[in-house]
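**Student:** my questions concern the predicted model and sequence given below.
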Amino acid sequence: MPDYKGRIFGRSVLDVRFRAFYGEDLFLGELLAGDDPERGRRYLFRVTDVAYGSESSDAGWAERTAGGLMAMDQVGEATTLRDFEKRLYKVAEVVPLGYVDAKGFHKPKSLPAQFAAVSAPTDTDLAFLRERMGDVEVGRLRSGEDTIELPVGIRGETLPSHVGVFGAAGRRGLAHHPWAAQRLRVYSPSPRAGQASLLRLSLAELTVDDLRTAWKFTGPQSEALESAYALLGDKGVWLTRLAEDDPEDLKDAELGRHALATIQVLSRRAKRIVRLPLMTDDPSQSLTGKVLDDLAGGKVVLVDTSGLEAVEETLVASLLTRSLLDERALAYRNDRERFGQLPRTLVALEEAQRVLTRLDDAEFNVFPRLAREGRKFNVGLCAVTQQPKLIDPELLSQFNTYFVLGLADERDRNTLRSSSKQDLSDLGAEIQTLMPGEALVTNPEAPFALPARVHLYEEWLATVKPPEAPRARPADAMTGFYE
Amino acid sequence: MTRGGALLVEDYADRVRLAAGYLSRLLADAGTRVDNPADEPVGPEDAAPLDLSEDAALVQFGSDPAPGVTAAAVDGGSACLLNGRSFWLVAYRAGTVWHRDRDTFATDADPLQLRALTQTDAKAAYAEALALAGVRRERELADLGGVVDVLRELAEWRRAAEAVAAARPGDLVLVDGSLHPGPFLPAGLVEPVHRLAMERGVDLVGVTKASKLRWGRYAPLVLRVRRRAEGELGPDARWYLRVTGPDEPSEVYVARLARRGAYAFRVDAVRGHRDPEALFAVLAGLSDDPAFLGYPYPLARVHQVVSLPGHLLADLRREIREAFLREGLSEDDVDLVMRDFHLTLNA
């Protein structure tokens, strides 16, 4: 048996086919290399489809042969195809990813050699990828079902260009990370065991926009909300009054030009906010500033919203994100030196489709605003969703990095294919068949959509070295310091 | 339906019904005679017609995978590349495959032969080929059309003789077609091969895919036997029926070699090793490939090796056209030689 998988037989620059031996187990997404010795090139391919080929040019041959097998089964004389390997083979459709020559990697612009042998890529073939992998490692390069010992990652400095994680992501606690004690700060709206701080946010910090992000308001409701904010008192008093005053009294007084039913809607929603245990009417108890300080200090802040309902979760996320973005924007405009010292920050949001539905919402919704403006202020958005089709395509186009996980819905796949920075047009079947732990990574730094096997979190944790303990001060360190 | 006297849709249903009825009556023929036609004899040329009784025995048999037994299969492929009316350009080749334990372990095919022949050249080529085979010419080629079949069959019989000579006792040699070739291949060519098979203990078998033999006046023999067998043994039986008498060394049968599959075939046998039941069991064992149920797989394989598929013929015709042009013929001359005007009319 030759040591290659098959040979190329055409067809065009962007649509190459090769015939493989019947016994060759080819997988969607498998990476392969084709030799072109005449030009000194090695072409890289990705398998996008595999079909059977047969000795017969008759389209009905396989169907009839299957019928023959079944007919013999029926009479109790089970049989098999003779000369199996000689009569059957596989035809793989592959997309060229590019070619490597002495000058490095190039996008595919020419035909690989006809009948060239196709085989698994060597370390040398993939060496150019190592140089392009960033410091934020997520896994290893995957070729079909195999894992290649080549780290896949993105560069940390690209995080403010936004990251999308599309598919069902796992949920594992950051608290087990060896660096958690030094680098993780957990905030929870309800008391819980461990080192979580009790999250308290001030009613005074909530804006009309936060409410409009969490709920859908009709035009009249929105106007009434603006009126309440303007007329019922500042520093959160407007919300307290909306929640506690009789709507009819409000109608008779400051909100007279709005319908009673509208005021009643606002009142019900305000009640829900005011009664949240994490909300306080005492601005001095707010921990928003503490959260921002932690982020400025390079800490990872985890806001545990597991006890909150969806709208309340959105309210908290909106308030904190807006505060962060405003802080960084302010530093950018007024204190470039301080801005330069602030770390790049990524706001990660699950079920992101809830707040990224429409770009037009950027007028009041902080998340589309973050997607559009965050890059300038070194704040990125990491949107996690299983339904990318619900996200505004223009917003998606702001995301430079995609982690694409298995997506069963074709509309989700089509959305990503049309918005990704790398061509995913031929990868629909591969995306559909991605298994847990498998991903495609697209990013402007990567030469093509990279198939990755994501590290299993628990296994990866075992490889992370604990942070170095502060070294003890040498006994004579202070000698002469005060002299 | 007519418009202005022109027929738009011709209704020929009655004529189709009449034709089908006529064929049905032919099939119902109860005669017992099997002719010895010159173009597909059941025995030597001078043999008399056979009498096959209506209740001739239908024998059922099993299936034997015959481990370790080698089956060599011989076939040929031929085509007329160019019919220049006064001359023909023909292509042919023959080949052999060797199959054992469900695996074709060796294949050998002649290089493609191209012969340009006039009527006179054809006669000379025929005489030369027979002389090379060591047999005397008994009749003259009637027309150019037969020469390609004769050249191909000569190549096939040369290979059959080689295969029998190389076979071990108990092996099989399968040939495509009957063991009594057509009128232009003398018995002196094939009978030594039959004798060699008997001497070496080899079973020599010919399978005819489309037999012209008739039973009675005009009923196709194979179809009539199959209908009878299906009626008597049911649709899932393997069977054979011996057509020739018990004293013929070269036997002719009609057989169904798989319990499923619509086909039955004329099977000729010169048995050097097995009794008929054991031989047909081995043939059944070779005829279980699901793509060709009921036909010995080695013959299917060798057919694929030697056949001249349409794309190959198209390539050859294109190259011939270019060669003509290089020889100095004009495009019009080449068209006149190579293009059949019927194709223009039918296009």
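**Tutor:** Received, thanks. On a predicted model such as this, the values are computed, not experimentally measured, just so you know. Residues are numbered from 1 along each chain as shown, chains lettered A, B, ... in the order given.
**Student:** for chain A, what are the nearby residues on the stretch 201-347 of chain B?
**Tutor:** Listed as neighbours of chain A in the stretch 201-347 of chain B under the rule CB under 8 Å from any CB of the partner chain: B:236, B:258-261, B:288-293, B:297, B:301, B:304, B:309. (C-beta placed from N, C-alpha, C; glycine too.)
**Student:** give me the buried subset of those.
**Tutor:** Burial by neighbour count, 16 or more other CB atoms under 10 Å in any protein chain shown: within these this picks out B:258-261, B:288-293, B:297, B:301, B:304.
**Student:** which residues touch residue A:64?
**Tutor:** Residue A:64 sits next to residue B:291 when contact means CB atoms under 8 Å, 6 or more residues apart in numbering or on different chains.
**Student:** how about it, secondary structure?
**Tutor:** State at residue A:64, reduced to three classes by DSSP: H, G, I helix; E, B strand; the rest coil: helix.
**Student:** look up how far residue A:82 lies from it.
**Tutor:** According to CB to CB, to the nearest Å, residue A:64 stands 15 Å off from residue A:82.
**Student:** just give the closest residue to the closest residue to chain A within chain B, not the sequence neighbours.
**Tutor:** Across chain B, the shortest distance to chain A (CB to the nearest CB) belongs to residue B:290, at 3.1 Å. Leaving aside its chain neighbours, residue B:290 sits nearest to residue A:68 (3.1 Å; criterion: CB to CB, 6 or more residues apart in numbering or on different chains).
**Student:** quick one: whichever strand or helix holds the one you found to chain centroid distance?
**Tutor:** Taking DSSP states H and E as the definition, residue A:68 sits inside helix A:61-74. Distance of helix A:61-74 from the chain centroid (CA atoms, centre = their mean, to the nearest Å) equals 47 Å.
**Student:** CA atoms only for it, dumped as CSV, please.
**Tutor:** Output of helix A:61-74 as CSV, limited to C-alpha atoms (Å, rounded to 0.1, in the frame of the first residue of the first chain):
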residue,chain,number,x,y,z
TRP,A,61,-24.7,0.7,-10.0
ALA,A,62,-24.4,1.2,-6.2
GLU,A,63,-28.1,1.1,-5.7
ARG,A,64,-28.5,-2.1,-7.7
THR,A,65,-25.5,-3.7,-5.9
ALA,A,66,-27.0,-2.9,-2.5
GLY,A,67,-30.2,-4.5,-3.8
GLY,A,68,-28.2,-7.6,-4.8
LEU,A,69,-26.8,-7.9,-1.3
MET,A,70,-30.2,-7.6,0.2
ALA,A,71,-31.7,-10.1,-2.3
MET,A,72,-29.0,-12.7,-1.2
ASP,A,73,-29.7,-11.9,2.4
GLN,A,74,-33.3,-12.7,1.8
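**Student:** related to what we said a few turns ago, identify the farthest-apart pair in the residues of the stretch 201-347 of chain B next to chain A.
**Tutor:** Taking CB to CB as the measure, these span a maximum distance of 34.4 Å, between B:236 and B:309.
**Student:** make sure residue A:40 is actually in contact with residue A:103.
**Tutor:** No - in this structure, residue A:40 is not within contact of residue A:103 by CB atoms under 8 Å, at 10.0 Å.
**Student:** more crowded one of these two?
**Tutor:** residue A:40 (11 against 6; other CB atoms under 10 Å in any protein chain shown).
**Student:** how near is the more buried one to chain B?
**Tutor:** Distance of residue A:40 to chain B, given as CB to the nearest CB, to the nearest Å: 33 Å.
**Student:** next: residue A:164.
**Tutor:** To chain B, residue A:164 is 49 Å away according to CB to the nearest CB.
**Student:** and that residue, bridged to which residues?
**Tutor:** With DSSP bridges applied, the residues forming beta bridges to residue A:164 are residue A:383, residue A:402.
**Student:** list the contacts of it.
**Tutor:** If you count contacts by CB under 8 Å, 6+ apart, residue A:164 has them with A:382, A:383, A:384, A:385, A:388, A:396, A:399, A:401, A:402, A:403.
**Student:** show me where the stretch 301-450 of chain A has strands.
**Tutor:** Along the stretch 301-450 of chain A, counting by DSSP state E, counting those that start in this stretch, strands occupy A:345-349, A:379-385, A:401-404, A:438-442, A:450-454.
**Student:** would you turn those strands into JSON lines with mean neighbour count and mean pLDDT?
**Tutor:** Shown next, in JSON lines, are the strands of the stretch 301-450 of chain A (neighbours: other CB atoms under 10 Å in any protein chain shown; pLDDT from 0 to 100):
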{"stretch": "strand A:345-349", "mean neighbour count": "20", "mean pLDDT": "92"}
{"stretch": "strand A:379-385", "mean neighbour count": "24", "mean pLDDT": "92"}
{"stretch": "strand A:401-404", "mean neighbour count": "25", "mean pLDDT": "92"}
{"stretch": "strand A:438-442", "mean neighbour count": "25", "mean pLDDT": "92"}
{"stretch": "strand A:450-454", "mean neighbour count": "24", "mean pLDDT": "93"}
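**Student:** ok so, going back, report the contact partners of the residue nearest to residue B:290.
**Tutor:** Residues near residue A:68 by CB under 8 Å, 6+ apart: A:79, B:260, B:261, B:289, B:290, B:291, B:292, B:293.
**Student:** okay, the residues you listed in CSV with secondary structure and pLDDT next?
**Tutor:** CSV is the format used below for the contacts of residue A:68 (DSSP: H, G, I helix; E, B strand; the rest coil; pLDDT from 0 to 100):
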residue, secondary structure, pLDDT
A:79, coil, 94
B:260, coil, 90
B:261, coil, 80
B:289, coil, 96
B:290, coil, 94
B:291, coil, 93
B:292, coil, 94
B:293, coil, 95
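**Student:** tell me what the helix or strand containing residue A:17 is packed against?
**Tutor:** Using DSSP H and E, residue A:17 maps to strand A:15-21. In terms of contacts (3 or more CB pairs under 8 Å, 6 or more residues apart in numbering or on different chains; DSSP states H and E), strand A:15-21 is packed against strand A:6-12, strand A:88-101.
**Student:** and residue B:78, what does it touch?
**Tutor:** Residue B:78 makes contact with B:90, B:91, B:92, B:93, B:148, B:149, B:151, B:152, B:308, according to CB under 8 Å, 6+ apart.
**Student:** let's see which of those end up in strands.
**Tutor:** Counting by DSSP state E, these place B:90, B:91, B:92, B:93 in strands.
**Student:** nearest to residue A:94 among those residues?
**Tutor:** Residue A:94 has its nearest neighbour among the ones in strands among the contacts of residue B:78 in residue B:93, at 36.2 Å by CB to CB.
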